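J.: Provided below are the primary sequence and the corresponding predicted coordinates.
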Amino acid sequence: MNRPRIRDDVRGRRTGAVTVEFALTISVLWIVLFGAWDFSRATMMLHTIDNASYEGSRRGIVPGASADDIRDTVSAVLSAAYVRSATVAIEPPILLPTTREITVTVSAPMNQNAWVAPLFLNDRNFTSSYKLTREDFATVSVP
């Protein structure tokens, strides 16, 4: 007798089920993978913007520094992490020798720096601000 074996019969009926299970599983896996990747990118971007505003403030408190020096420092930090379309606000905009405090605010849009998050968080910005007191060097005359 040529009866089909049970294993061959079951294996033949299950090939479509494996394909459907794989398609469902792989789509969920890709969503989780890209979500984790984008969350990591957003976290890195947040820390980079925070660091850029701090480094810009530190550059600005040194006597003789200008607003262009601050912008150059902030740009260097942001470009190292590929943060695009960031805006830098310096308060006061012109640094004078009598300026006591400097505030540097850096802001970058999430829409241009992330992949998945802009779909859920439209038009959000990461913003960080640092305020530091300028350094003074007292001149001492020696008799």
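T.: Noted; the coordinates are in hand.
J.: CA only for contacts and neighbour counts going forward, please
T.: OK.
J.: Doesn't residue 68 belong to a strand?
T.: No: applying DSSP: H, G, I helix; E, B strand; the rest coil, one finds residue 68 to be helix, outside a strand.
J.: So what's the residue count around it?
T.: 13 (other Cα atoms under 10 Å).
J.: gap between it and residue 35?
T.: 37 Å (Cα to Cα, to the nearest Å).
J.: buried stuff in stretch 67-84?
T.: 67, 70, 71, 73, 74, 75, 77, 78, 83, 84 (16 or more other Cα atoms under 10 Å).
J.: for the first one, what are its contacts?
T.: This points to residue 67. 60, 90, 93, 94, 95 (Cα atoms under 8 Å, 6 or more residues apart in numbering).
J.: now with 7 Å?
T.: With contacts defined as Cα atoms under 7 Å, 6 or more residues apart in numbering, residue 67 is in contact with 93, 94, 95.
J.: Weed out the non-buried ones from those.
T.: Those of those that meet the buried threshold are residue 95, by 16+ other Cα under 10 Å.
J.: which residues of the protein fall in strands?
T.: If DSSP state E is used as the criterion, the strands of the chain fall at 87-91, 101-109, 125-133.
J.: Select, out of these, the one closest to residue 47.
T.: strand 125-133 (9.1 Å; Cα to Cα).
J.: What residues of that closest one count as buried?
T.: Under 16+ other Cα under 10 Å, the buried positions of strand 125-133 are 125, 126, 127, 128, 129, 130, 131.
J.: max-length helix in the protein?
T.: Ranked by residue count and defined by DSSP state H, the top helix of the chain is helix 6-60.
J.: what about that one, average pLDDT?
T.: Mean per-residue pLDDT for helix 6-60: 84.
J.: the inter-axis angle of that helix versus strand 101-109?
T.: 150 degrees (axes from the mean of the first three to the mean of the last three Cα atoms, to 10 degrees).
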